[in-house]
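Q: Build me a model from this:
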Amino acid sequence: MPVTTPRRNRHLAVRQRHRHLHRSAVEEMLAAVKDQSPKISVEELNEVGQKFFIAMALEKRDPRAWFLAQQIACRKAEVNLALQKYSDQIQARKEAIQHELDAAKSTGGLSPETIEKIENELSLF
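A: Numbers count the residues shown, from 1 in each chain. The predicted model follows:
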C-alpha cells in the first residue's frame, strides 16, 4: 500500500493526539498524587508512575509496553540491590578499620601521625 502525504499526515496527527492524551493523563495523575500527599517522596512517586504505566499497558493490551515497564522495575531492583551491597561493603570496611584503630590505640602500637592518617581515611567514607 503506497504511503501518500495525506495518509501520512493523518497518521502523524493521530500519533500526536495519542501522545497528548498520554501526557494529559500523566499530568492529571501527578496532580492527583500531589493533592493527596504534597510531600510525596521520590520513591513513592516512582512507584505510582510504575503502577500507572503498567495499568495503561494492560488497559490497552499492549504487551510491549507491559514488558518494558516490567524490565524497568527489574532493572531498578537490580540497581538498588547493587547499591545496598556496595553500602554494606563500605560499612564493613569502616568497621574493620575502626576496630584496628581501636586495637592500635589500646596497645599503643601506632604513632600519633599514623593514627591521625587512619582517622582521616575513615572520615572519607
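
Q: Which stretches in this protein count as helices?
A: 5-36, 42-59, 63-107, 112-124 (DSSP state H).

Q: got any ranges where the chain has weak pLDDT?
A: Flagging of the chain using pLDDT under 70 yields the residue ranges 1-4, 7-27, 30, 108-109, 124-125.

Q: Got the domain ranges for it?
A: 1-40, 42-125 (automatic domain parsing).

Q: show me the contacts for the residue nearest the centre of the chain.
A: The residue lying closest to the centre of the chain (C-alpha atoms, centre = their mean) is K76, at 5.7 Å. Contact criterion C-beta atoms under 8 Å, 6 or more residues apart in numbering gives N46 as the residues in contact with K76. C-beta coordinates here come from the backbone N, C-alpha and C atoms, glycine included.

Q: how close does it sit to Y86?
A: 16 Å (C-beta to C-beta, to the nearest Å).

Q: next one: F52
A: Using C-beta to C-beta, which is the criterion applied here, F52 is 30 Å from Y86.

Q: For these two, indicate the residue with more neighbours.
A: F52 (16 against 10; other C-beta atoms under 10 Å).

Q: Report the spatially closest residue to the more buried one, excluding sequence-adjacent ones.
A: Leaving aside its chain neighbours, F52 sits nearest to M29 (5.4 Å; criterion: C-beta to C-beta, 6 or more residues apart in numbering).

Q: Report the contact partners of that neighbour.
A: Neighbours of M29 in contact, by C-beta under 8 Å, 6+ apart: V48, G49, F52.

Q: try it again with 10 Å
A: V48, G49, K51, F52, F53, A55, M56 (C-beta atoms under 10 Å, 6 or more residues apart in numbering).

Q: what does K105 give?
A: Under the criterion of C-beta under 10 Å, 6+ apart, the neighbours of K105 are P112, I115, I118.

Q: 8 Å - rerun?
A: Contact partners of K105, counting by C-beta under 8 Å, 6+ apart, are I115.

Q: Please report how far it lies from A57.
A: 59 Å.

Q: Count the residues that sit near I97.
A: A count of nearby residues for I97, using other C-beta under 10 Å, gives 15.
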